[in-house]
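Novice: my questions are about this predicted structure, shown below with the sequence.
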Amino acid sequence: MYAKVDNVVLKLLTGLFGKGGVLLDPDLLEMYTHDEVPGLKAQPEVVVRARTVEQISKLMKLANEKRIPITPRGAGYGLSGGAVPVCGGIVLSLEKMNRILEIDKNNLMITVEPGVITGKIHEAVEKEGLFYPPDPASLDSCSIGGNVAEGAGGPRAVKYGVTKDYVCGLEAVLPSGEIITLGGKLVKNVTGYSLVDLLIGSEGTLAIISKIILRLIPLPRVTIDLLVAFNEFQSAADTVSAIIEQHILPTAIEFMEQDSLLACEKYLKKELPLREAAAFLLIKLDGNRKEDVEALCENVGETCLEHDAIDVLVASDRSTQDRLWEARRVIIEALKSRSPVNHMEDIVVPRARVNDFLREIKKLQEKYEYPIICFGHSGDGNVHVNILKEDRPQGKWARTIPKISGEIFDIALSLGGQITGEHGIGATRRNYLEKAVGPKTLQLFRGIKQLFDPNNILNPGKILPD
Ligand SMILES: Cc1cc2nc3c(=O)[nH]c(=O)nc-3n(C[C@H](O)[C@H](O)[C@H](O)COP(=O)(O)OP(=O)(O)OC[C@H]3O[C@@H](n4cnc5c(N)ncnc54)[C@H](O)[C@@H]3O)c2cc1C
């Protein structure tokens, strides 16, 4: 049982954050009731906006003492309800802690506050000829703190990995209010258990991340993109395997079905290239020498044609590349505009099993008679599965979605996969966690949570099932 935010607590919060840092107006609170999961909402009692780690520390001490739940929030662009205050209490917004503190060119490291928008990090380091590869499609809106808390990925994961591959140091505030510093500007570090890795992907349930040190690499000088159209998804899947078998590791290999492209056309109100095809691959190649990347492009283009591609568009300048990627970047919004009520799963399977997974999903579409549209990261086996309600009855939808999700997870697990590749467990997938990881691992997870947060005040109702 949690305590409520009473007048005494409100007074203490106002003293700590100032009047402007404490939000109570219902109109202002509305935007903190949800993230990007359609239909999931919960009311916070109050929102506080931190500007310093000391404020966070004092807030946590107070909340722990009074037993008030705290829900950390970055930009609220999550897709698993992680920032939704499902147990009420206080939402701690990190949006005002948005400074890039240092770009250290000698050590190739950047130090940032958690509220920095990820795309701003890309812009800042690319001006210096440096590169921060993780690129969630939401990068113009989501925060780096949210990326670390979710262990976010993006299309460039095929070649460069995901957020966890770049985090070298963290400052974090424990539920007790104590501030800890982990790692540093260190490329190597095996000093004890890696708590940095434990906090990455912990979805705000173990500690509040208040500072982040990220590793940078030199910016590749040349990139070439290919949009490849196929009459059958099988040919696209064979192409991905054939490219990888040649030991070519593209920066990104994304796939889309025709239905998602058509939804994007409608959303963008314009005709997109190669719209008649059944399936598409969007492939990015990069490197430092133009001749090398062009040779790679020729090789990949030939492999696509050998595997029944019906057309290959090549883009080597920024504006044509942006045009090729435009549809991929807006798919989620486009599907939402086709069906405001929809449901997305985010499974991951071994790269070579993507086609088997998609074949099984088509059977589910026939069985349940809902449109199911898939897109995602072919190159790393991460498939986003979107079920659209459109104008079907709400009652049947509410009863059917858990069944479809359960079957999607069963298929992914039977192929050696897992139930989420990058969007996290949050509030929406926690009832499937035991099925995904097994009872012993779940018991270890519970032990870790108990150690960090014995009073369960930090983001309750997330990750762990009741
Ligand atoms: C259109 C669209 C496209 C997307 N594309 C991708 C994609 O390609 N790849 C991908 O991985 N995800 C993607 N996402 C999901 C989402 O953008 C990511 O999960 C992102 O990391 C969320 O960041 P945020 O700042 O919005 O976090 P929020 O939604 O605010 O929070 C997410 C979780 O992190 C916790 N949290 C936030 N900040 C902190 C902090 N400082 N300390 C502790 N916990 C914290 C919250 O409590 C919550 O559990 C997409 C979402 C949308 C809407």
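Specialist: Looks like it came in fine.
Novice: okay, now the residue of the stretch 301-450 of the chain found nearest the ligand: neighbour count?
Specialist: Taking CB to the nearest ligand atom as the measure, the stretch 301-450 of the chain has Glu422 as its residue closest to the ligand, at 3.3 Å. Bear in mind the C-beta positions are built from the backbone N, C-alpha and C, glycine included. Glu422 is flanked by 25 other residues according to other CB atoms under 10 Å.
Novice: contacting residues around the closest residue to it other than its chain neighbours?
Specialist: Nearest residue to Glu422, sequence neighbours excluded (CB to CB, 6 or more residues apart in numbering): Gly153, at 4.0 Å. Contacts for Gly153 (CB atoms under 8 Å, 6 or more residues apart in numbering) come out as 134, 136, 162-163, 377, 380, 382, 421-422.
Novice: enumerate the residues of the stretch 151-300 of the chain near the ligand.
Specialist: By CB under 6 Å from any ligand atom, the residues of the stretch 151-300 of the chain that approach the ligand are 152-154, 203-204, 208-209.
Novice: biggest separation within the residues you listed, which pair?
Specialist: Gly154 and Ile208 (23.8 Å; CB to CB).
Novice: which one's more surrounded, these two?
Specialist: Per other CB under 10 Å, whichever of Gly154 and Ile208 has more neighbours is Ile208, with 28 against 23.
Novice: quick check on that one: phi, psi?
Specialist: The phi/psi pair for Ile208 (degrees, to the nearest 10) reads phi -100, psi 120.
Novice: repeat that for Ala229.
Specialist: Taking degrees, to the nearest 10 as the convention, Ala229 sits at phi -110, psi 140.
Novice: measure the residue located most distally from the centre of the chain to Lys19 for me?
Specialist: Centroid-distance maximum for the chain: Val8 at 37.4 Å, with CA atoms, centre = their mean. According to CB to CB, to the nearest Å, Val8 stands 17 Å off from Lys19.
Novice: please apply the same query to Asn147.
Specialist: Distance from Asn147 to Lys19, by CB to CB: 31 Å.
Novice: just Pro340 next, same as before
Specialist: 36 Å.
Novice: report pLDDT for the spatially closest residue to His122 that is not a sequence neighbour.
Specialist: Nearest non-adjacent residue to His122, counting by CB to CB, 6+ apart: Tyr132, 5.9 Å away. Model confidence at Tyr132, expressed as pLDDT, equals 98.
Novice: please apply the same query to the one 5 residues further on.
Specialist: The predicted local distance difference test score for Ala137 is 92.
Novice: can you classify it as helix, strand or coil?
Specialist: Following DSSP: H, G, I helix; E, B strand; the rest coil, we place Ala137 in the coil state.
Novice: give the contact list for it.
Specialist: Per CB under 8 Å, 6+ apart, neighbours of Ala137: 154-155, 328-329, 331-332.
Novice: hmm, 7 Å instead?
Specialist: Going by CB atoms under 7 Å, 6 or more residues apart in numbering, Ala137 touches 154, 329.
Novice: quick check: it vs Val86, distance?
Specialist: 25 Å.
Novice: same check, this time on Gly204
Specialist: Taken as CB to CB, the span from Gly204 to Val86 is 12 Å.
Novice: what count of nearby residues applies to the spatially closest residue to Ile121 that is not a sequence neighbour?
Specialist: If the residues on either side of it in the chain are set aside, Ile121 comes closest to Tyr132, at 5.3 Å by CB to CB, 6+ apart. Per other CB under 10 Å, the neighbour tally for Tyr132 reads 22.
Novice: begin at 648, not 1, for the rest of this chat.
Specialist: All set: I'll call the first residue 648, so the last point we hit is now Tyr779.
Novice: which phi and psi does Tyr779 have?
Specialist: Dihedral angles for Tyr779 - degrees, to the nearest 10 - are phi -110, psi 100.
Novice: tell me which residues touch it, please.
Specialist: Here Tyr779 is in contact with 757, 768-769, 772, 813, 861, 863 (CB under 7 Å, 6+ apart).
Novice: most surrounded residue in the residues you listed?
Specialist: Neighbour max across the contacts of Tyr779 (other CB under 10 Å) = Ile757, 26 neighbours.
Novice: what's it in contact with, if anything?
Specialist: 747, 749-750, 768, 772, 779, 861, 863.
Novice: closest one of those to the ligand?
Specialist: When the contacts of Ile757 are compared against the ligand (criterion: CB to the nearest ligand atom), the nearest one is Ile768, at 12.4 Å.
Novice: what's the helix or strand for that closest one?
Specialist: Here Ile768 is covered by helix 765-773, with elements defined by DSSP states H and E.
Novice: my read: Arg746 touches Gly762, true?
Specialist: No. Arg746 is beyond contact range of Gly762, at 8.3 Å (criterion: CB atoms under 7 Å).
Novice: so the two - more neighbours on which side?
Specialist: Ranked by neighbour count (other CB under 10 Å), Arg746 and Gly762 place Gly762 first, with 23 against 12.
Novice: shaky segments in the stretch 648-797 of the chain?
Specialist: Filtered on pLDDT under 70, the stretch 648-797 of the chain yields no residues whatsoever.
Novice: quick one: name the residues of it near the ligand.
Specialist: For the stretch 648-797 of the chain, the contact set with the ligand under CB under 6 Å from any ligand atom comprises 682-683, 718-726, 729-730, 741, 761, 783-785, 789-790, 792-794, 796-797.
Novice: take those residues and keep only those in strands.
Specialist: Cross-referencing those against strands under DSSP state E gives 718-720.
Novice: out of these, which end up buried?
Specialist: 718-720 (16 or more other CB atoms under 10 Å).
Novice: report the separation between the residue of the stretch 948-1097 of the chain closest to the ligand and Arg803.
Specialist: 12 Å.
Novice: how about Thr838?
Specialist: 29 Å.
Novice: with neighbour numbers in mind, choose between these two.
Specialist: Comparing Thr838 with Arg803 by other CB under 10 Å, the one with more neighbours is Arg803, at 22 against 9.
Novice: contacts only, for the more buried one.
Specialist: Counting by CB under 7 Å, 6+ apart, Arg803 has contacts 780-782, 898-899.
Novice: kindly recompute the last result at 8 Å.
Specialist: Neighbours of Arg803 in contact, by CB under 8 Å, 6+ apart: 780-782, 898-899, 931.
Novice: columns neighbour count and secondary structure on top of those residues, output as CSV?
Specialist: Supplementary listing: the contacts of Arg803 in CSV, determined by neighbours: other CB atoms under 10 Å; DSSP: H, G, I helix; E, B strand; the rest coil:
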residue, neighbour count, secondary structure
Pro780, 23, coil
Pro781, 28, coil
Asp782, 20, coil
Thr898, 22, coil
Ala899, 26, strand
Lys931, 22, strand
